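Chemist: what would the 3D arrangement of this be:
(2 chains)
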Amino acid sequence: MEKAIVVKNLRKVYEGEVVAVDDVSFEVERGEIFGFLGPNGAGKTTTINILTTLVPPTSGEAYVGDHKVGEEDEEIRRIIGLVPQELTADDELTGWENIYLQGSLYGMSRSEIRSEARELLQMVGLEEAADRLVRTYSGGMRRRLELVMGLIHKPEILFLDEPTLGLDVQTRAHLWDHIRRVRSEYDMTIFMTTHYMDEADKLCDRIAIIDHGRIKAIGTPDELKRMVEGDLVIVRTVDGPPIDVRLDGVPGLKDYTIDGTEIRIRVEEGERATPAIIESLVSRGYQIRSVELVRPSLEQVFLTLTGRSIREEEALDTISYRVMMRRRRG
Amino acid sequence: MSGALWALTEREIKKWYRRRIAIVFTFITPLMWLALFGKSFNLLSLFRAPDDLPPEIVRTVQEVIDSIITRAFGTTDYFTYVATGMFTVFILFTSMFSGMSLIFDRRLGFLNRLLVSPVKRETIYLSRVLATVIRSILQFTGLFIIAIALGINLGPGVGPLHIFLTYLNLALVAYIFSSIFISMMLRVTEHDTAISMANLLNLPLMFASNSIFPEEQMPSWLKTVALLNPISHSNEVVRTLLIRGSLEIPVTSLAYLLGLALVSTVMGLYLSRRYLR
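Modeler: Residues are numbered from 1 along each chain as shown, chains lettered A, B, ... in the order given. Sure, this is the predicted structure:
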C-alpha cells in the first residue's frame, strides 16, 4: 500500500516497429500529483493506456494500487478514473445524462450519483449547464464535464491525459485550481501528462521528462531546474559567426556555446552579466540584433536534456496525430 | 451490474429518439415495399374472371382462381401477404445497423471510457442488443399502424393474444439479428464496412425468403436458402397468427428461431469478451 503506481522496465512496441514506450521505470507516491512532461508522440498517452488497462504492454511490469496490470485488470478498473485527452462525453446527451451513465458503470445508484455530482458540478461551475446537451458546451465546459465524469466514483488514482489541451490561458488556470482542490479534498493520487511547461511546473509535485519513449529525468520542479544552474543570456548578432568571442570580463560566467549568429552564455546572474557581455561584443565590432535573458525553467531543462524544445505548434498537430494513433491501434 | 446494463441501453434509446428525422427515414424503405409493391401488385385484381361469360361461370372461375391464390399465399389479398412478410424484413433492416453505434463509440473514444471502467464487456455488448430489440419493437408498432391504415386484412379471430405473440416473435427475431450483426462489428473500426455489409445482405436476405413470394414456387436451390433463412420462419409464425388467426405456431419454425437465438447469444458473449478492448 505504499506506492500508488510502480512501473518497471515498461516497453510498448506497436505492430513490431513503432517503439512508443522504451524501458520506462518510475514510482508514484500516494497522494502526489505526478506529471509526465514531453512533446506529442513521446509515449505519454501510451503509458496512460497501459496503466488504465486499455493496452497490454509488450514487456515490463506495472502495478496500479498494488494490482498488476494484465493480471488484475478488474481490480485496477475499480479504483482508477480516467480523463482522456479526447473529449469523449456523448454530445447527444446532456451533461447530467453523461454523469449518470458514468456513475452507473461503477455500480452507483441514481441517488448516490446525484448527490456526488451536485458537489462536483458546483465546484467546476457547471450546475446550470448540466441539463443542456453537451453539443452546446464550449471547449472549456466540456473539459470540466470530463473532469466531473472522471471523479464521480471517487477513484483512488486519477489519470489526466493533457487535461487543458487546447484551452485558453484563463480557463487553464481555473482547471488547475479544480485539480488542486480535488487532490486535497479527496486525498487522491493524480497521474497526469502534459506538454505545457507551465502546467507541469505549477501543478505537479514531481515530474518525469519523457522524450521518444524514454524518461530523461525525474524530480520535483525545483530539483529539475537546479539541473541547469544559473541564467541563460542569448545574444543574436547581425552578421557573421562570432568566432573569437572573448567574454573573460563577464561576471559569473560559466560557459557559452555558439550556434550561427547566436551565442548562448550561461551566467550566475543574468542582470549583472548582460551589460558586460554587450560591451565585450560591441567593442569587438559586432552589431547586436537582440538580447534575451532566460531564467532557469523547465523549458531550459527540457532543452538541455533532449537538445530540443517542446514547441507550441505541436499542439496543433494533435488531431492528425490522434488519427494516426487510432489507425495504428485499429 | 444490471444498473450499468440499463444505463447503457437507455443511452442508445435516448440517442435514437432524439434523431427524429432519422426515424422518419427508417420507415421509407418498408413503406415503399408496402405501398408500391404490395398495393400495385395485387394479384386478386390481376386474376379476374372475364366479365363476358354467364354469371354462374364467372362465379365458378373466380372461386377457382381464389382458391389457387389462397393455396399459394394463405390469403386472396396479396397486400396482406407482403405486409406480414415486411414486418420481419423491417426488423432485419433495423438490426443491420445496430453495430454502427459501437463503431462510432470506438472512433470517438467513448468506448475507452467504458473499457477503463469495471463494467463487464458482455454488458456493453448486451446493452446494444437490448436497445435494438426495444427500438425494433417500437418501430414495428409504427409500421403495423401504417399497414392497418393501408388496409391489411387480418384473419378472422385475430385478438390481442395473437398480436402479443407477434410482438414476442419479432422481438426474438430482432434479438437474433442484432446479436449477430453486433458481434460482427466488435472489431470493425470503419463505418463504411458496416454500411457495405448491410447493403450487400439486406435485399438478398429479403428475396431469399417467403416475404414477398412463397418458397413452394422457388427453384430448389433458392428454396433451400429460403428454408434456412430465419426471415421465412418468422414469417410463418407471423402469418399463422395474423392471417390464419391461429395460435398453432409451427413448432419447427419456433424451434429454429430459439436455436438461432441460443447460438448467437453464446457467440456474441464469447466474441465480446475477446474482442471488446
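
Chemist: alpha carbons only for contacts and neighbour counts from here, please
Modeler: Fine.

Chemist: which of the residues in stretch A:97-114 are buried?
Modeler: Neighbour counts over stretch A:97-114 (16 or more other Cα atoms under 10 Å in any protein chain shown) mark A:97-108, A:113-114 as buried.

Chemist: which of those residues are close to chain B?
Modeler: Filtering the buried residues of stretch A:97-114 for neighbours of chain B using Cα under 8 Å from any Cα of the partner chain leaves A:100-101, A:104-107.

Chemist: looking at the residues you listed, spot the one nearest B:Ile212.
Modeler: A:Leu101 (42.7 Å; Cα to Cα).

Chemist: output the buried residues of stretch A:97-114 in CSV; the columns should cover secondary structure and pLDDT.
Modeler: What follows is these, written out as CSV (DSSP: H, G, I helix; E, B strand; the rest coil; pLDDT from 0 to 100):
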residue, secondary structure, pLDDT
A:Glu97, helix, 96
A:Asn98, helix, 96
A:Ile99, helix, 96
A:Tyr100, helix, 96
A:Leu101, helix, 96
A:Gln102, helix, 96
A:Gly103, helix, 95
A:Ser104, helix, 96
A:Leu105, helix, 95
A:Tyr106, coil, 95
A:Gly107, coil, 93
A:Met108, coil, 94
A:Ile113, helix, 95
A:Arg114, helix, 93
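
Chemist: related to what we said a few turns ago, output the ones next to chain B among the buried residues of stretch A:97-114 as CSV; include the columns distance to A:Glu61.
Modeler: Below are these laid out as CSV (distance: Cα to Cα, whole Å):
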residue, distance to A:Glu61
A:Tyr100, 34
A:Leu101, 32
A:Ser104, 31
A:Leu105, 27
A:Tyr106, 26
A:Gly107, 29
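
Chemist: surely A:Leu167 and A:Arg142 touch.
Modeler: No: with contact defined as Cα atoms under 8 Å, A:Leu167 does not reach A:Arg142; the gap is 10.6 Å.

Chemist: these two: which is more packed in?
Modeler: Set side by side, A:Leu167 and A:Arg142 show more neighbours around A:Arg142, with 20 against 14, by other Cα atoms under 10 Å in any protein chain shown.

Chemist: what packs against the helix or strand containing that one?
Modeler: Assigned by DSSP states H and E, A:Arg142 falls within helix A:139-151. In terms of contacts (3 or more Cα pairs under 8 Å, 6 or more residues apart in numbering or on different chains; DSSP states H and E), helix A:139-151 is packed against strand A:80-83, helix A:95-105, helix A:110-124.

Chemist: list the contacts of stretch B:31-39.
Modeler: Here stretch B:31-39 makes contact (Cα atoms under 8 Å, 6 or more residues apart in numbering or on different chains) with B:78-80, B:82-83, B:86, B:143, B:147, B:150.

Chemist: by contact count, what packs against the helix or strand where A:Thr45 lies?
Modeler: For A:Thr45, the element it lies in under DSSP H and E is helix A:44-51. For helix A:44-51, the packing partners by 3+ Cα pairs under 8 Å, 6+ apart come out as strand A:18-29, strand A:59-64, strand A:157-161.

Chemist: which residue ranges of the stretch 101-250 of chain B form strands?
Modeler: Counting by DSSP state E, counting those that start in this stretch, the stretch 101-250 of chain B forms no strands at all.

Chemist: quick one: name the residues of it near chain A.
Modeler: Counting by Cα under 8 Å from any Cα, the stretch 101-250 of chain B comes close to chain A at B:107-110, B:112-119, B:189.

Chemist: the bottom helix or strand of chain B by mean pLDDT?
Modeler: Lowest mean confidence among the helices and strands of chain B (mean pLDDT, DSSP states H and E): helix B:43-46, at a mean of 66.

Chemist: quick one: name whatever helix or strand follows that helix.
Modeler: helix B:55-73.

Chemist: run through the neighbouring helices and strands of the next helix or strand after that following helix.
Modeler: For helix B:55-73, the following helix or strand on the C-terminal side (DSSP H and E) is helix B:78-96. With contacts taken as 3+ Cα pairs under 8 Å, 6+ apart, helix B:78-96 sits against helix B:28-31, helix B:121-149, helix B:160-184, helix B:191-207, helix B:230-242.

Chemist: tabulate the ones you listed (JSON lines), appending mean pLDDT, distance to A:Met192 and mean neighbour count.
Modeler: What follows is these, written out as JSON lines (pLDDT from 0 to 100; distance: least, Cα to Cα, whole Å; neighbours: other Cα atoms under 10 Å in any protein chain shown):
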{"stretch": "helix B:28-31", "mean pLDDT": "82", "distance to A:Met192": "50", "mean neighbour count": "14"}
{"stretch": "helix B:121-149", "mean pLDDT": "94", "distance to A:Met192": "26", "mean neighbour count": "20"}
{"stretch": "helix B:160-184", "mean pLDDT": "95", "distance to A:Met192": "35", "mean neighbour count": "21"}
{"stretch": "helix B:191-207", "mean pLDDT": "86", "distance to A:Met192": "32", "mean neighbour count": "15"}
{"stretch": "helix B:230-242", "mean pLDDT": "95", "distance to A:Met192": "52", "mean neighbour count": "25"}
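
Chemist: B:Arg277: which of those is closest?
Modeler: So among the helices and strands packed on helix B:78-96, helix B:121-149 is nearest, using Cα to Cα, at 8.3 Å.

Chemist: does anything pack onto that closest one? Which helices or strands?
Modeler: helix B:2-18, helix B:78-96, helix B:160-184, helix B:251-275.

Chemist: point out the most buried one among the ones you listed.
Modeler: helix B:78-96 (a mean of 26; mean count of other Cα atoms under 10 Å in any protein chain shown).

Chemist: so which of the helices and strands packed on helix A:139-151 gets nearest B:Thr240?
Modeler: helix A:95-105 (42.0 Å).

Chemist: for the closest one, packing partners?
Modeler: Applying 3+ Cα pairs under 8 Å, 6+ apart, one finds that helix A:95-105 contacts helix A:110-124, helix A:139-151, helix B:2-18.

Chemist: and those helices: which comes nearest B:Leu170?
Modeler: helix B:2-18 (18.1 Å).

Chemist: contact partners of that closest one?
Modeler: Against helix B:2-18 from outside (Cα under 8 Å, 6+ apart): A:92-93, A:100-101, A:104-107, A:109, B:23, B:119, B:123-124, B:126-128, B:130-131, B:134-135.

Chemist: and if we set it to 6 Å?
Modeler: A:101, A:104-105, B:123, B:127, B:131 (Cα atoms under 6 Å, 6 or more residues apart in numbering or on different chains).

Chemist: same deal with stretch A:94-112?
Modeler: For stretch A:94-112, the surrounding residues in contact (Cα under 6 Å, 6+ apart) are A:113, A:130-134, A:149, B:3-4, B:7, B:119.

Chemist: hang on, the earlier thing: chain B is nearest to which of the helices and strands packed on helix A:44-51?
Modeler: Minimum separation from chain B across these (Cα to the nearest Cα) falls at strand A:157-161, 10.9 Å.
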